[in-house]
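Undergrad: what's the 3D shape of this:
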Amino acid sequence: MHKLLRSVVGTRQCFQVDWSGHSTIIPKLRRWVQIHFAPFVERSLAALTGNASLRLSNTDVKPFMEMAVTNLGRQRTASLFDYVKSWPDSKGAVMDIREYLTSSAAAEKAHVCSSFVRQVQHRLLHAGATTTEILGMYVSVIYAFKALDARGVLLEKVAVPIRSYLRAREDTVNIIAASFLADLDKEGNVIYDDQEKICADLTVEIANSTLDDGRDHRMLNWDDMDWTPDPIDAGPDYRASRSEDILAYVLNLFDQEDFINEVRNVLAQHLLRAEDPEYVKETRLVELLKARLDANKLQAAEVMLKDARDSVVLNKRINPQARYVSARPPTPREIQAAIPEEGITLQSLYRMFEHRIKQAQFQAALKLVATRRHDLFYPKRTRLPPEKANDAEMGDGASADFKVQVLSGHFWPQMRSSEFQLPAQFVELASKFNARFNLQGSQRKLHWRSALTRTTVELELEDRHVKEVDVQAWQASVIDAFSAERDVESGMAPLQYDAEIGLNADQLAEALKMEEELVQDALNFWITKRVLYQTAPGTYAVLERLDMDAGIAQPLAPPPTDQVSAVMSHEALLRESAPMFETFIANMLRNGGPKEVGGMMGITGMLKMVLPTFTYGDEEVEWLLSDMEGKGEVARSGELWKVAG
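TA: Below you'll find the predicted structure:
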């Protein structure tokens, strides 16, 4: 009978997973045992014993039902990894396992957990699986095991190895932060350049998350008459929270401070490229994190959002590319765009236009577009008629679209501070912006960051037109150096490009006063776009026609997968600050004697205690000490480090 039940639940089509209705088939299995299997057992016993009046009671049938459910549950458990991976289409299979666990002993729950953990370790937690795949599977595990056990006890038991593995991967935090800021189209599909660097499931969860705090206050609510104690089979890491959603589980993967720092870095790169002037998605994310994490630690993110909004207002007020502006009085639309939402005094507003219009005329135009409350003027919500501009009067500069981004230095992450020679068009527009910015009487001082500039480059080659959007400034400067008219018009650098001879990286680095890393990144970029090619190893020229040399037009070596970022990485910051940290370590060892790296009073602990900018661990300190040992400044004695000599 046992073999028969095992064969039936494994082979009959009616007992397969319900992929369409997403419901359990256990009730159907119990009815089959009651209606078909039990009479068959009675007929079999009658044939064996000769007692035709033998009948099975409900008590006799119940063990057969439990046997059938156990066989089905164990078969489903053997493929649980596949069912979790297919969630929510496989909800029917998960419901079968839930029914199996409801009617089984505690040992069956332990069997389900141990079996799934073995499947996960064998099929998921290995170097061949990407972090994006593991995060997506982690989201499905949360959903599936919440459906299996609403208390979350089983989830806590099976999620431990996945969490530990995710914490060990270096790119986990970055992928989570990038997933939080990815966009969704109208159909709910994720829009992102590199799908391997985001988890689509997390992006969808963020879009659907609410702004509640995600924390459980039942232990503090003495009036909760529905309170229940933790389950007796809960582990030490069990968190009894009714409001825990996917976001709460993901945020609990890492230390808050480390996670917030990574979110700040990703948010900075996102704000530098964002096109939405309202920054709705970014604001919602910051408010969402403030509700679930320490709001005080998110002050920097709030300042970054304020800078982004200030940049929109600043770009409306200052338009450096319109050469005709100073030659005519301001229009009502210009005056309206210059009035901030929080209001402005008459003197401050007139100071922006005093060189273009008399005060009496300005006050008359101001009445059309502003409302006065006490001493401040606020913009009216009236719609102004469209203005017609004379293209000839505007000049060539009107076609340029020049925008700036405000960065408050103490709140944004450390940005790349490389300075190099920009194309002449950049310098001209920046100089005009400076002149108009100074007329506003702002207390802020401008400091341009060349390495953060991005632009659109259009190239006219002999057989094609190339347009690249959102190009880094160093990439634009390098390709500008290959222009034959560059020296004649700008005279900015003693560099003459000859199509027959070409240019090498050293020449470009010297003429543009640019770091070699940026030069190589720019050359690789334009080679992959088939704009430059190597005439000889290390020598580059413009590929005017694609048929010039099809064999050499391709890059001799594949470009690096990690592009140079405007936001400096953790390792780059360590290298940049290494001299200061090494000086502090040398003085510490000289004054305090030999010390070990770890421990409360070790080198790492003392660095974190005295230097707020030091946010590294023992591995980074070991790297600093090895560098100092190579210079002969320190020496190692067992686990202790001391001053050399």
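Undergrad: helices or strands next to the top helix by length along the chain in the packing?
TA: Longest helix of the chain, by residue count under DSSP state H: helix 570-592. Judged by 3 or more C-beta pairs under 8 Å, 6 or more residues apart in numbering; DSSP states H and E, helix 570-592 is in contact with helix 603-610, helix 618-630, strand 634-637, strand 640-643. Glycine gets a C-beta too; all of them are placed from N, C-alpha and C.
Undergrad: that helix: what's the following helix or strand?
TA: strand 595-596 (DSSP states H and E).
Undergrad: partners of that following strand in the sheet?
TA: strand 640-643 (antiparallel) (DSSP bridges).
Undergrad: can you say which helix or strand has residue 92 in it?
TA: helix 91-102.
Undergrad: name the residues that touch that helix?
TA: For helix 91-102, the surrounding residues in contact (C-beta atoms under 8 Å, 6 or more residues apart in numbering) are 17-19, 21-26, 69-70, 72-74, 76-77, 79-80, 83-84, 87, 108-109, 112, 144, 147-149.
Undergrad: alpha carbons of that helix, as PDB, please.
TA: Only the C-alpha atoms of helix 91-102 are listed here, as PDB (Å, rounded to 0.1, in the frame of the first residue of the first chain):
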ATOM      1  CA  LYS A  91       2.800  29.000  -5.400                       C
ATOM      2  CA  GLY A  92       0.800  25.800  -5.700                       C
ATOM      3  CA  ALA A  93       3.800  23.600  -4.900                       C
ATOM      4  CA  VAL A  94       4.700  25.800  -1.900                       C
ATOM      5  CA  MET A  95       1.100  25.500  -0.600                       C
ATOM      6  CA  ASP A  96       1.400  21.700  -0.900                       C
ATOM      7  CA  ILE A  97       4.500  21.800   1.300                       C
ATOM      8  CA  ARG A  98       2.700  24.100   3.800                       C
ATOM      9  CA  GLU A  99      -0.200  21.600   4.100                       C
ATOM     10  CA  TYR A 100       2.300  18.800   4.500                       C
ATOM     11  CA  LEU A 101       4.100  20.700   7.400                       C
ATOM     12  CA  THR A 102       0.800  21.600   9.100                       C
END
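Undergrad: counting contacts, what elements does the helix or strand just after it pack onto?
TA: Downstream of helix 91-102, the next assigned helix or strand under DSSP H and E is helix 106-123. Counting by 3+ C-beta pairs under 8 Å, 6+ apart, the packing neighbours recorded for helix 106-123 are helix 58-78, helix 80-85, helix 91-102, helix 153-168.
Undergrad: out of the ones you listed, which comes closest to residue 12?
TA: Proximity to residue 12 (C-beta to C-beta) singles out helix 58-78 among the helices and strands packed on helix 106-123, at 10.8 Å.
Undergrad: mind listing the helices for the stretch 451-600 of the chain?
TA: 473-480, 486-489, 505-512, 516-528, 570-592 (DSSP state H, counting those that start in this stretch).
Undergrad: name the stretch among the ones you listed that sits most buried.
TA: helix 473-480 (a mean of 24; mean count of other C-beta atoms under 10 Å).
Undergrad: and that helix with helix 516-528, angle?
TA: 60 degrees (axes from the mean of the first three to the mean of the last three C-alpha atoms, to 10 degrees).
Undergrad: direction-wise, compare helix 473-480 with helix 505-512 and give the angle.
TA: Interaxial angle, helix 473-480 versus helix 505-512 (the same axes, to 10 degrees): 100 degrees.
Undergrad: from the centroid of this protein, which residue is nearest?
TA: residue 178 (1.1 Å; C-alpha atoms, centre = their mean).
Undergrad: does that residue belong to a helix, a strand or coil?
TA: Secondary structure for residue 178, judged by DSSP: H, G, I helix; E, B strand; the rest coil, is helix.
Undergrad: which sections of the stretch 101-250 of the chain are below the confidence cut-off?
TA: Low-confidence segments of the stretch 101-250 of the chain (pLDDT under 70): 104-105, 186-196, 210-245.
Undergrad: quick check: the residue nearest to the centre of the chain touching residue 200?
TA: No: counting by C-beta atoms under 8 Å, residue 178 does not reach residue 200; the two are 11.4 Å apart.
Undergrad: in the helix holding residue 92, which residues are buried?
TA: By 16 or more other C-beta atoms under 10 Å, the buried positions in helix 91-102 come out as 91-101.
Undergrad: hang on, the earlier thing: just say which of the helices and strands packed on helix 106-123 is most tucked in.
TA: Counting by mean count of other C-beta under 10 Å, helix 91-102 has the highest mean neighbour count of the helices and strands packed on helix 106-123, with a mean of 22.
Undergrad: ok, and the closest non-adjacent residue to residue 454?
TA: Closest residue to residue 454 apart from its sequence neighbours, by C-beta to C-beta, 6 or more residues apart in numbering: residue 470 at 5.4 Å.
Undergrad: and the chain, what are its domains?
TA: With domains defined by automatic domain parsing, the chain comprises 414-567, 570-643.
Undergrad: which one of those domains lies nearest to residue 117?
TA: Here domain 570-643 is closest among the domains of the chain (C-beta to C-beta), at 29.2 Å.
Undergrad: what's the average pLDDT for that closest one?
TA: Averaging pLDDT along domain 570-643 yields 79.
Undergrad: now it, how far from the chain's geometric center?
TA: In terms of C-alpha atoms, centre = their mean, to the nearest Å, the centre of domain 570-643 is set 31 Å apart from its chain centre.
Undergrad: swap in stretch 162-181?
TA: 10 Å.
Undergrad: what's in contact with that stretch?
TA: 120, 124-125, 131-132, 134-135, 137-138, 141, 192, 197-200, 202-203, 206, 250, 253-254, 258-259, 262-263, 265-267, 270, 281-282, 285.
Undergrad: in helices, which of those residues fall?
TA: 120, 131-132, 134-135, 137-138, 141, 200, 202-203, 206, 250, 258-259, 262-263, 265-267, 270, 281-282, 285.
Undergrad: got a ChimeraX select line for the buried ones in those?
TA: Listed next is the ChimeraX selection for buried residues among the ones in helices among the contacts of stretch 162-181, using 16+ other C-beta under 10 Å:
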select :120,131,132,134,135,137,138,141,200,202,203,206,250,259,262,263,265,266,267,270,281,282,285
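Undergrad: ok but residue 311 is inside a strand, no?
TA: No: read with three-state DSSP, residue 311 is helix and lies in no strand.
Undergrad: surely it is in contact with residue 404?
TA: Yes: using C-beta under 8 Å, residue 311 is in contact with residue 404, at 6.2 Å.
Undergrad: relative orientation of the longest helix of the chain and helix 603-610 in degrees?
TA: 100 degrees.
Undergrad: and helix 570-592 with helix 618-630, angle?
TA: Using the same axes, to 10 degrees: helix 570-592 against helix 618-630 is 70 degrees.
Undergrad: list the contacts of helix 570-592.
TA: Counting by C-beta under 8 Å, 6+ apart, residues outside helix 570-592 touching it are 414, 568, 595, 603, 606-607, 610-611, 613-614, 616, 620-621, 623-625, 627-628, 633-634, 641-643.
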